[in-house]
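# have a look at this prediction, sequence included:
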Amino acid sequence: MSYGEGQCRLEVRQLPEGTKLDRASAYGRIAFAYPDDKLSDLQSKIKAAKLPIMKELVTLDTPGKASVQVVILQDPDDHEICFVGDKGFRELSKVDPKADELIRKEIEQDNSSTWFKDGKKKV
């Protein structure tokens, strides 16, 4: 499935019957930007089809950043399928030009390098 040239593609596969999904240490979650004004209609259609909704339409506040509206569905393998209002999603997805500088500063301040000096491989 794709929305056109230059857009991401999504391939959905059905596991063979009786096969349990092995996520190992991962968790099943995917999010899609969706038109803000259509989230309520999407939720209504899912309810009408009697499909599971993990979280009904709600606005999630992000302190100091954009708030986002979300509807979170659940597929048969317990994956979360999150539909996020496009406007807030795009605001929160912007590249922060200072991100590299900020993360390096935090790493220097947290003294994590001392943890690895003794030959430890993991936190």
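Yep, that arrived. Being a predicted model, the structure only gives us computed values, none of them experimental.
# the strands in the chain, which residues?
With strands called from DSSP state E, the chain shows them at 29-34, 53-60, 68-74, 80-85.
# got the ones you listed as CSV, with mean neighbour count columns?
Where C-beta positions appear, they are placed from N, C-alpha and C, glycine not excepted. Listed next are the strands of the chain as CSV, based on neighbours: other CB atoms under 10 Å:
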stretch, mean neighbour count
strand 29-34, 13
strand 53-60, 13
strand 68-74, 19
strand 80-85, 20
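# hey, which helix or strand in the chain has the poorest pLDDT?
Ranked by mean pLDDT, DSSP states H and E, the weakest helix or strand in the chain is helix 112-117, scoring a mean of 71.
# what's the closest non-adjacent residue to the residue most central in space within the chain?
Centroid-nearest residue in the chain, with CA atoms, centre = their mean: Ala31, separated by 4.3 Å. Leaving out its chain neighbours, the residue that sits closest to Ala31 by CB to CB, 6 or more residues apart in numbering is Cys82, at 4.1 Å.
# contacts for the longest helix seen in the chain next, please.
Across the chain, the longest stretch assigned as helix under DSSP state H is helix 99-110. The contact list for helix 99-110, computed with CB atoms under 8 Å, 6 or more residues apart in numbering, reads 96, 113.
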